[in-house]
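Trainee: Build me a model:
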Amino acid sequence: MASAALRPALSNWFGDNMNTLTFEIRDEKLRKALGDIAEKPDGLRQPFEKFAQYMRVQTDKTFENLRLGGRYRGVFWRYFAPQYTRKTDGVTVPAWGGVPKLRGRGNVKGRKRPSGQRVANGDAIVQDTMTLRSRAALVVRMGKYTARLGPQGVNYAAAQQKMRPFLFFTAKDGKEFAQVLRAYLYGGHNVGVQ
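Mentor: Residues are numbered from 1 along each chain as shown. Predicted structure coming up:
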């Protein structure tokens, strides 16, 4: 059997405020082999949905493993930058505050997030309201040989994707896609979607 070729492409879809991840069967021999199946009303919906579920899990794992910054699946997320460094005593005030004030009593408060909440020590990156994480890899559109995943209704997704990539393919994902297609083709067209 010809191998399934993925096109790991981030492309703008529905305007400039949303990025999508496209996976596509590009191999012509494989497209011919899938011809009859792809023409049916449900076509390749089962394997595409199965792979989309796999990608949702991988994307969720990315958010979980990078919640405090670091490296995972080949991408790096920076943790919250400090608010400022005081010129008077040289103390760097972290994003969550907690450093005693120079004037007055108490500690410096954490920086405000776009949601209005303040950053606290140990807060997760890009998970203030959980909106992006919960909508990161929803199926946006499915075609005969193509499926697109992306966050729906999240205006800041493209900006976050540039700073902290969350929706992307790895070589392991390509192998998983090929395995899902193989199971679908040789397993009697019954791929369980979990």
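
Trainee: What is the lengthiest helix in the chain packed up against?
Mentor: For the chain, the helix with the greatest residue count under DSSP state H is helix 45-65. In this structure, helix 45-65 makes packing contacts with strand 19-24, strand 70-72, strand 138-142, strand 146-150, helix 171-186, judged by 3 or more C-beta pairs under 8 Å, 6 or more residues apart in numbering; DSSP states H and E. Heads up, the C-betas are built off the backbone N, CA and C, glycines and all.

Trainee: Mind exporting the C-alpha coordinates of the longest one to CSV?
Mentor: Extracted as CSV, the C-alpha positions of helix 171-186 are listed here (Å, rounded to 0.1, in the frame of the first residue of the first chain):
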residue,chain,number,x,y,z
ALA,A,171,6.7,12.8,12.7
LYS,A,172,5.0,10.6,15.3
ASP,A,173,1.7,12.1,14.4
GLY,A,174,2.3,11.3,10.7
LYS,A,175,2.9,7.6,11.6
GLU,A,176,-0.3,7.6,13.7
PHE,A,177,-2.3,9.0,10.7
ALA,A,178,-0.9,6.3,8.4
GLN,A,179,-1.7,3.6,11.0
VAL,A,180,-5.3,4.9,11.4
LEU,A,181,-5.7,4.7,7.6
ARG,A,182,-4.2,1.3,7.4
ALA,A,183,-6.5,0.0,10.2
TYR,A,184,-9.5,1.6,8.4
LEU,A,185,-8.6,0.1,5.0
TYR,A,186,-7.6,-3.4,6.2
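
Trainee: Begin at 34 from now on, thanks
Mentor: Understood, numbering begins at 34; the last thing we discussed is helix 204-219.

Trainee: Put together a markdown table for the helices and strands packed on helix 78-98, with mean pLDDT and distance to Gln193 on each row.
Mentor: Listed next are the helices and strands packed on helix 78-98 as a markdown table, based on pLDDT from 0 to 100; distance: least, C-beta to C-beta, whole Å:
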| stretch | mean pLDDT | distance to Gln193 |
| --- | --- | --- |
| strand 52-57 | 78 | 9 |
| strand 103-105 | 96 | 16 |
| strand 171-175 | 82 | 15 |
| strand 179-183 | 85 | 12 |
| helix 204-219 | 86 | 20 |
